[in-house]
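A.B. asks: quick one: sequence plus predicted model below, questions after.
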Amino acid sequence: MKTIFIYSTLIAAVLSMSACGNHKTKEAAIGGQDTIPVKVMALKVEDASHAIAASGQFTTNDETLLSFKNGGIINKILVKEGDAVRSGQLLATINQTEISAQVQQVNLSYQKAERDYARASKLYRDSVATLEQMQNAKTALQVARQQLDAVKFNQNYSEIRATSNGFVLKKLANDGQVVGPGTPVLQINGANQSKWILKVGLSDEQWSVLKIGDQATITTDALPNQSFQAKVTRKAEGIDPQSGTFGVELTLTENNVKGLAAGLFGKANIIPTKSVSSFMIPYDALLDGGENEGYVFVTNDHKTAQKVKVQLGAIQNDKISISGGLENATSLIISGSAYLTDGSKIKVIR
């Protein structure tokens, strides 16, 4: 029994050593595979005009906020949102009790100034009043006349009338509400006679490559299977603090487009005339892409991979433009990047 036990122990030890040796052999084999096969492409700078995709809302170029010149209590708003209006149509009135009292008060002051001037002139002709007294009475009459003109002007603007033919976009106040001078009450536009525009917000890089007159194609879900030609007519000179973008206005070249309404959502494809120098690479070659940055693997000697940070540009189909980071590289690794680390040994395959 002792002999059998010793024999079994020897066999187990031999098998264990054999298994250990096989494991080390496998580790050595795996460790020896430090050259990773990859595919590469040559890098070169291209000058191209990349289309800019943007979205925004339709409006017209004559949207107007209407308000009362004088503050007070709104007496009546005669229209509602969506109503068609005619130029000169009465839209809203304000309680005129206060402004009417002011007109009457100034009118009485003007009548008194007329009497004072007539009396001073008569006394001056009779050599009872001095020239200075007559001139002062004349000046007071002129001041009273100007004050009367001013309050009558304010009285005329105690009501709101349409400035052009169009539609009521927004009703910003209600009957009985107290409003101050210049407080917006109604918003209208001339949608039945003015050109439509699409207001979009762009990044600083997109804004910088556009010029006034650049062409665009606009579509909207409200009018399926239709597209409209437009051009850039305005670029904002400052950033919008609410959206953090730069505003651009695209004006439709067609007149009297039917079926559009203020506030509709639209999509634009803008073609800048200014060309941009950049590297175009396959989107699959990009690693860890963020908002404006990402990483790619490059090689200059076709033996070692280098991981570099790049600045991202516009996406076009299955490619993306790189605006910076590849200036010192000659070849881009486009296949096998998932198995690479910075400094990995590579073998270029066709």
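C.D. replies: Thanks, I have it.
A.B. asks: hey, let's count contacts and neighbours off CA atoms from now on
C.D. replies: OK.
A.B. asks: can you list contacts of stretch 118-130?
C.D. replies: Residues from elsewhere that reach stretch 118-130 (C-alpha atoms under 8 Å, 6 or more residues apart in numbering): Leu131, Gln133, Met134, Ala137.
A.B. asks: of these, which belong to helices?
C.D. replies: Applying DSSP state H to the contacts of stretch 118-130, the entries found in helices are Leu131, Gln133, Met134, Ala137.
A.B. asks: now do the same contact list for the first one.
C.D. replies: Shown here is Leu131, whose contacts under the criterion C-alpha under 8 Å, 6+ apart are Tyr124.
A.B. asks: pLDDT at it, what is it?
C.D. replies: On pLDDT, Leu131 comes in at 91.
A.B. asks: what sits against Gly72?
C.D. replies: Gly72 is in contact with Ile94, Asn95, Val178, Val179, Gly180, Pro181, counting by C-alpha under 8 Å, 6+ apart.
A.B. asks: if you could redo that for Lys347, that was the one I meant.
C.D. replies: Lys347 neighbours (C-alpha under 8 Å, 6+ apart): Thr35, Ile36, Pro37, Val38, His302, Lys303.
A.B. asks: so how far is Lys307 from it?
C.D. replies: Note on Lys347: its distance to Lys307, by C-alpha to C-alpha, to the nearest Å, is 16 Å.
A.B. asks: again, but for Gly259
C.D. replies: 52 Å.
A.B. asks: more crowded one of the two?
C.D. replies: The neighbour comparison of Gly259 against Lys307 (other C-alpha atoms under 10 Å) goes to Lys307, with 18 against 7.
A.B. asks: so the more buried one: helix, strand or coil?
C.D. replies: Here Lys307 is recorded as strand under DSSP: H, G, I helix; E, B strand; the rest coil.
A.B. asks: what ranges do the helices span in the stretch 51-200 of the chain?
C.D. replies: 97-125, 131-156 (DSSP state H, counting those that start in this stretch).
A.B. asks: got the angle for the first one vs helix 131-156?
C.D. replies: Note on geometry: by axes from the mean of the first three to the mean of the last three C-alpha atoms, to 10 degrees, helix 97-125 and helix 131-156 are set 160 degrees apart in direction.
A.B. asks: distance between helix 97-125 and the chain's centre?
C.D. replies: Remark: helix 97-125 is offset 56 Å from the chain centroid, using C-alpha atoms, centre = their mean, to the nearest Å.
A.B. asks: in that helix, what's buried?
C.D. replies: 99, 102-103, 106-107, 109-110, 113-114, 116-118, 120-121, 123-124 (16 or more other C-alpha atoms under 10 Å).
A.B. asks: what of the shortest one?
C.D. replies: Buried residues in helix 131-156, counting neighbours by 16+ other C-alpha under 10 Å, are found at 134, 137-138, 140-142, 144-145, 147-148, 151-152, 154-155.
A.B. asks: same check, this time on stretch 253-268
C.D. replies: Along stretch 253-268, these residues count as buried under the neighbour rule (16+ other C-alpha under 10 Å): Val257, Leu260, Ala261, Ala262, Phe265, Gly266, Lys267, Ala268.
A.B. asks: which ones are touching the residue lying closest to the last one once chain neighbours are set aside?
C.D. replies: Closest residue to Ala268 in three dimensions, ignoring its sequence neighbours and counting by C-alpha to C-alpha, 6 or more residues apart in numbering: Ile218, at 4.4 Å. Under the criterion of C-alpha under 8 Å, 6+ apart, the neighbours of Ile218 are Ser227, Phe228, Gln229, Ala230, Gly266, Lys267, Ala268, Asn269.
A.B. asks: from the residues you listed, which is closest to Glu205?
C.D. replies: Nearest to Glu205 among the contacts of Ile218 is Asn269, at 15.8 Å by C-alpha to C-alpha.
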